[in-house]
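In: Fold the following and give me the result.
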Amino acid sequence: MKIITIGRHSSNDVKINDSKVSRHHLQIIRDDAGNFRVVDFGSTNGTYVNDRKISGEVKLSYNDVIRIGNTSLPWQSYFSTDKSHTRLSIWLIPAVCVAATVVIILGIALYLNNEPATTTPPPPSTPSIVVKMREENGVRYIPAKINGQELNFVFDTGASSICISSLEVMVLIKNGTLTENDVLGEERFMDATGRVSVGMKINLRTVTLGNRVLNNVEATVVENPNASCLLGQSVLERFGSYKIDNVKGEIVFE
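Out: Down below sits the predicted model:
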């Protein structure tokens, strides 16, 4: 059994900085059979499950949305397994097998050296992707899709990863395009101002820019539901280069 307490006081397992949240607001329980329950502690402003106010103890389904005050809780992540502690078992190869492998490799190398050289055709070039951007108060926004959900992202070369708010996560969970298997644990991330924050790390199955689809992209979830979505280095590093054309209002990805 695992119990997570949530509220405004620092003694809770999850502290929420929201004036409409009680000091000790609620707890979420996962029993040994894997079933979830939420218990409201008689909070001042109440606990809402799928926009319905609850009282006492209520059973939860994995796709349920919990809201307290102005905050939607990414409660599923509180019970995720931290995969960063996984260790791989490695079998040691006997020395005699290593020696035999070396002999085989040397034989192949000698054979290839005696073969006439062949010309390998260069791989086909990947066409450039042109994405229209809009600029607002000096901030560049570009459209992209995550797991099929279209969002507007701040083009942030200083962000270490793609970042989305807890509100977008709730939408993905409700649509069935994000599950507990996509939760990777916690991560410290840095934005363009150099500020380091802690957020939940998830795997986005697809990120689509123009007609290019990127698979299995790591992203960071920030608790603030009003936070801007950032298109950071976990996406940008998948491209060879990019350039900004301020005259045409475009970003060209190579």
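In: OK, contacts around Thr71?
Out: Thr71 sits next to Ile16, Asp18, Val21, Ser166, Glu223, Pro225 when contact means CB atoms under 8 Å, 6 or more residues apart in numbering. The C-beta positions use only the backbone N, C-alpha and C, and glycine is treated the same way.
In: tell me the pLDDT at Ile251?
Out: Per-residue confidence at Ile251 stands at 86 (pLDDT).
In: Correct me if wrong: it contacts Met133.
Out: Yes - using CB atoms under 8 Å, Ile251 makes contact with Met133 at a distance of 5.5 Å.
In: Now the common contact residues for the two.
Out: Counting by CB under 8 Å, 6+ apart, the contacts common to Ile251 and Met133 are Arg140, Ile142, Phe155, Ile244.
In: what's the closest of those to Met200?
Out: Phe155 (22.8 Å; CB to CB).
In: tell me the contacts of that closest one?
Out: Met133, Arg140, Tyr141, Ile142, Leu231, Ile251.
In: who does it bridge with?
Out: Per DSSP bridges, the residues bridged to Phe155 are Leu231.
In: per-residue confidence at it?
Out: Per-residue confidence at Phe155 stands at 85 (pLDDT).
In: re earlier: filter the contacts of Phe155 down to the buried ones.
Out: Met133, Arg140, Tyr141, Ile142, Leu231, Ile251 (16 or more other CB atoms under 10 Å).
In: Format those as TSV; extra columns: distance to Ser10 and secondary structure.
Out: Shown next, in TSV, are the buried ones among the contacts of Phe155 (distance: CB to CB, whole Å; DSSP: H, G, I helix; E, B strand; the rest coil):
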residue	distance to Ser10	secondary structure
Met133	41	coil
Arg140	38	strand
Tyr141	36	strand
Ile142	38	strand
Leu231	33	strand
Ile251	42	strand
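In: so Asp31 touches Ile3, yeah?
Out: No - look at Asp31 against Ile3 with CB under 8 Å: they stay out of range, at 9.7 Å.
In: Just checking: what are the partner strands of the lengthiest strand in the chain?
Out: Longest strand of the chain, by residue count under DSSP state E: strand 196-209. Next to strand 196-209 in the sheet, as set by DSSP bridges, lie strand 139-146 (antiparallel), strand 183-190 (antiparallel), strand 212-222 (antiparallel).
In: and these, which one's lowest on average pLDDT?
Out: When the strands paired with strand 196-209 are compared by mean pLDDT, strand 183-190 comes last with a mean of 71.
In: hmm, back to that, ok, which of the strands paired with strand 196-209 comes nearest Ser128?
Out: Nearest of the strands paired with strand 196-209 (CB to CB): strand 212-222, 9.7 Å.
In: and the closest one, how far out from the chain's middle?
Out: Distance, stretch centre to chain centre, for strand 212-222: 6 Å (CA atoms, centre = their mean, to the nearest Å).
In: I would like the residues contacting it, please.
Out: For strand 212-222, the external contacting residues (CB under 8 Å, 6+ apart) are 74, 77, 129, 146, 160-166, 169, 184, 187, 189, 197, 199-208, 234-235, 238, 253.
In: So which bits of that strand are buried?
Out: Here strand 212-222 shows Leu214, Val217, Ala219, Thr220, Val221, Val222 as buried, counting by 16+ other CB under 10 Å.
In: Format the residues you listed as TSV; extra columns: distance to Asn63.
Out: Output for these, formatted as TSV (distance: CB to CB, whole Å):
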residue	distance to Asn63
Leu214	26
Val217	23
Ala219	19
Thr220	22
Val221	16
Val222	21
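In: so where is the stretch 1-150 of the chain shaky, pLDDT-wise?
Out: 81-126 (pLDDT under 70).
In: And the contacts of stretch 237-246?
Out: Contacts of stretch 237-246 (CB under 8 Å, 6+ apart): Met133, Arg140, Leu214, Val217, Leu236, Glu250, Ile251, Val252, Phe253, Glu254.
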